[in-house]
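Engineer: below are the sequence and a predicted model; questions follow.
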2 protein chains.
Amino acid sequence: MYSLAEENYLKAIYHLEQETKGEVSTNAIAERMATKPSSVTDMMRKLADKKLLSYKRYKGVLLTSEGRKTAANVIRKHRLWEVFLVEKLDFHWDEVHEIAEQLEHVQSEKLIAKLDQFLGNPDFDPHGDPIPDQHGNVKRTEKKLLSELDKKQRGVCVGVKESSSDFLQYLDKKKITIGTKVTVLGKEFFDGSMVIQVGRDQFFISKKIAENLYVQTN
Amino acid sequence: MYSLAEENYLKAIYHLEQETKGEVSTNAIAERMATKPSSVTDMMRKLADKKLLSYKRYKGVLLTSEGRKTAANVIRKHRLWEVFLVEKLDFHWDEVHEIAEQLEHVQSEKLIAKLDQFLGNPDFDPHGDPIPDQHGNVKRTEKKLLSELDKKQRGVCVGVKESSSDFLQYLDKKKITIGTKVTVLGKEFFDGSMVIQVGRDQFFISKKIAENLYVQTN
DNA sequence: AAATATTTTTAGTCTTATCTAAATATTAGA
DNA sequence: TCTAATATTTAGATAAGACTAAAAATATTT
C-alpha cells in the first residue's frame, strides 16, 4: 500500500502526463500539488525507488506501468465515490470533489468492487469523466465540445472542460447535467454564440459556455 | 479539524472512560492503541493543550466536554458507515470494522448528514451499538445478556458483547442478526445452556453463546 | 558562444508521531 | 514505613513529508 502523499503525487503525474503527452517536469508537479519543487524532487526519488516512475535528474518523470495502474486505481475510486455522492446522497456535482479526494484513499479492494456494483458499474462520473476499470483501463470516448456542433445537430452532454463552481452552478440553473440532450437551434459565426434547446426550454449561450461543455454525438 | 492520530486517541479514551468509569491511565491507552506509554504521554500533553482532555502528570486523563463531543462524532461516523456497508453494500457484519476505521476520518459535516438520512437515521449499528446523534448524545438502552433471560421470555437481539469473527459467523449461520426475535424455550441451570426459538428454527445454545448476545426485552 | 534567466537539485531545518532507554513517581508488600 | 514492583515521564533519536536558501544544471538571449 502507498501513503496518502504518494497516491496524490501519482494522481497528479498521471493527469499531467495526459496533458503534456511526455515527461512531466518537477515544476509542473509542484504547481499542481501546491508544494515546492524541492519537495517534489525528494518524492520523485522515493517513487522511482519504488519503481512507480522513471526519473533522471533534471529530465522529468514518466510513470511506469505499475505507477500508471496505481494512479488509475486512485482515480477510479475518486470517480466512483463521486457517482455515489451525486446519485445516492443527492449532492450537487459541483460539491463532491473535495469529499471524493478523501474517500479515494480508503483502502479496500472489496469495498470498491461492491460500491461499483451498487452503483450499477457506471462508466462515467458526474462530470462526464471516464471511470477506469479494475485494470486501470479507461473507456476513451469520442467527445467533442458543444461549440464544435453545427446548427440542427444534437448531442448528449457527457462532461465539462472547466469545472469551476460558477460554471457548474450555471449548468445546474439551466438544468444541464450528464445525459442531458442538447440541440443546436442556431449558431452565430461572428461571436460563436448559440441558441440551444434543452428539454422544453430554448435559450442563448455564449461561446465561452459552448467551449466548456463536452457532448457526444452519434 | 483534528489529525487522524488525535481522533484515534480521543476515540480510545472515550471507550476506556466508559469501561473504567473514571480517569484513564497512560498504560491503558497505550495498550488499546498498540503504542508505547511514552508516545501516549506526548499525545496527552498535546490534547490537553487543545483543551480536549484534562491531564495531570501521573494521574491519568479525563475528556472535556469538547473532547467527548469530538470522540462521539468520530464514533457516530464509524457506526453510520458500518450501517452503510452492511445494509447497502451487503457486507457481513464481521468484516466492516476495518473499513469503517478508515471512513470515520473523512471530514464533511454535510456528508454525514446526508449519509444518515440515506440510511434512514438508524439508531444502532450492525453490531447493536448505539449511534451518537449530532450532539454526541447516545440513546442508552436497557439491554441485557440473553443468558439473563428465563424460560418463556422473549427478546430482540440488539448487539454482541464479543465480536470475534468466529462468533459473528456462528450467529450468521444461525440467522441471528440485529432485530432478530429470540424466545427462550428451555434453560438448563446446571450448565447455563438454553434451547431457543429463532424464526421457525429451534436449537440448542451453550452458556458461552448466551453470555455474549445482548437482547432487549420490553 | 558567452551571459543571463530559469529550472532543478542539494543541504540543512522543521513538525508530527512514533520509538528506546533512562529517570522519576506512585503503589503495594513485608 | 521502608523497599520492591509497577507506572509514568523525560531525554534523545528516527522517519515521513514538508520547507528555505544556496548551488548546480539546463535553456534562452543577445
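Structural biologist: On my side now, so go ahead.
Engineer: could you use CA atoms for every contact and neighbour count after this?
Structural biologist: OK.
Engineer: what about the residue of chain A most remote from its centre, which helix or strand?
Structural biologist: Distance from the C-alpha centroid of chain A, by CA atoms, centre = their mean, peaks at residue A:190 (31.2 Å). For residue A:190, there is no enclosing helix or strand under DSSP states H and E.
Engineer: quick check: the gap between it and DNA strand C.
Structural biologist: Residue A:190 is 36 Å from DNA strand C, where distance means CA to the nearest atom of the strand, to the nearest Å.
Engineer: from chain B, how far off is that residue?
Structural biologist: Counting by CA to the nearest CA, to the nearest Å, the gap from residue A:190 to chain B is 45 Å.
Engineer: which ones are touching that residue?
Structural biologist: Listed by CA atoms under 8 Å, 6 or more residues apart in numbering or on different chains, residue A:190 has no contact partners.
Engineer: ok now the longest helix anywhere in chain A, how far from the chain's centre?
Structural biologist: Determined from DSSP state H, the single longest helix within chain A is helix A:65-83. Offset of helix A:65-83 from its chain centre (CA atoms, centre = their mean, to the nearest Å): 11 Å.
Engineer: cool, stretch A:13-22 as well?
Structural biologist: Using CA atoms, centre = their mean, the offset of stretch A:13-22 from its chain centre is 13 Å.
Engineer: what residues does chain A have near DNA strand C?
Structural biologist: Within reach of DNA strand C by CA under 7 Å from any atom of the strand, chain A has these residues: A:25-28, A:37-42, A:56-60.
Engineer: helix/strand/coil for residue A:195?
Structural biologist: Taking DSSP: H, G, I helix; E, B strand; the rest coil as the rule, one finds residue A:195 in the strand state.
Engineer: which non-adjacent residue is nearest it?
Structural biologist: Nearest non-adjacent residue to residue A:195, counting by CA to CA, 6 or more residues apart in numbering or on different chains: residue A:204, 4.4 Å away.
Engineer: next: residue A:127.
Structural biologist: residue A:159 (4.8 Å).
Engineer: just checking, the one you found touches residue A:129?
Structural biologist: Yes. Assessed by CA atoms under 8 Å, residue A:159 is found in contact with residue A:129 at 6.4 Å.
Engineer: ok, these two, which is more surrounded?
Structural biologist: The residue with more neighbours, out of residue A:159 and residue A:129, is residue A:159; 25 against 18, by other CA atoms under 10 Å in any protein chain shown.
Engineer: and that one, that one's in a helix?
Structural biologist: No. Under three-state DSSP, residue A:159 falls outside any helix and is assigned strand.
Engineer: where does it land on pLDDT?
Structural biologist: You'll see residue A:159 listed with a pLDDT of 86.
Engineer: and it, what does it touch?
Structural biologist: Contacts for residue A:159 (CA under 8 Å, 6+ apart) come out as A:126, A:127, A:128, A:129, A:178, A:213, A:214, A:215.
Engineer: contacting residues for the fifth one?
Structural biologist: Okay, so that is residue A:178. A:126, A:127, A:128, A:156, A:157, A:158, A:159.
Engineer: tell me the one of the residues you listed nearest residue A:90?
Structural biologist: Nearest to residue A:90 among those is residue A:126, at 11.5 Å by CA to CA.
Engineer: that closest one: which element?
Structural biologist: Here residue A:126 is assigned to no helix or strand, by DSSP H and E.
Engineer: burial count for it?
Structural biologist: 25.
Engineer: so which of the contacts of residue A:159 belong to strands?
Structural biologist: Judged by DSSP state E, the contacts of residue A:159 include A:213, A:214, A:215 as members of strands.
Engineer: give me the nearest residue to the second one, chain neighbours excluded.
Structural biologist: Read that as residue A:214. Per CA to CA, 6+ apart, closest to residue A:214 is residue A:145, 4.4 Å.
Engineer: pLDDT wise, what is that neighbour at?
Structural biologist: Value for residue A:145, per-residue pLDDT: 92.
Engineer: quick one: residue A:141 from residue A:124, how far?
Structural biologist: 10 Å (CA to CA, to the nearest Å).
Engineer: wait, residue A:201
Structural biologist: Residue A:201 sits 26 Å away from residue A:124, taking CA to CA as the criterion.
Engineer: between those two, which one's more packed in?
Structural biologist: Comparing residue A:201 with residue A:124 by neighbour count (other CA under 10 Å), the higher total belongs to residue A:124, at 21 against 9.
Engineer: in contact with residue A:11, which residues?
Structural biologist: Here residue A:11 is in contact with A:71, A:72, A:74, A:75 (CA under 8 Å, 6+ apart).
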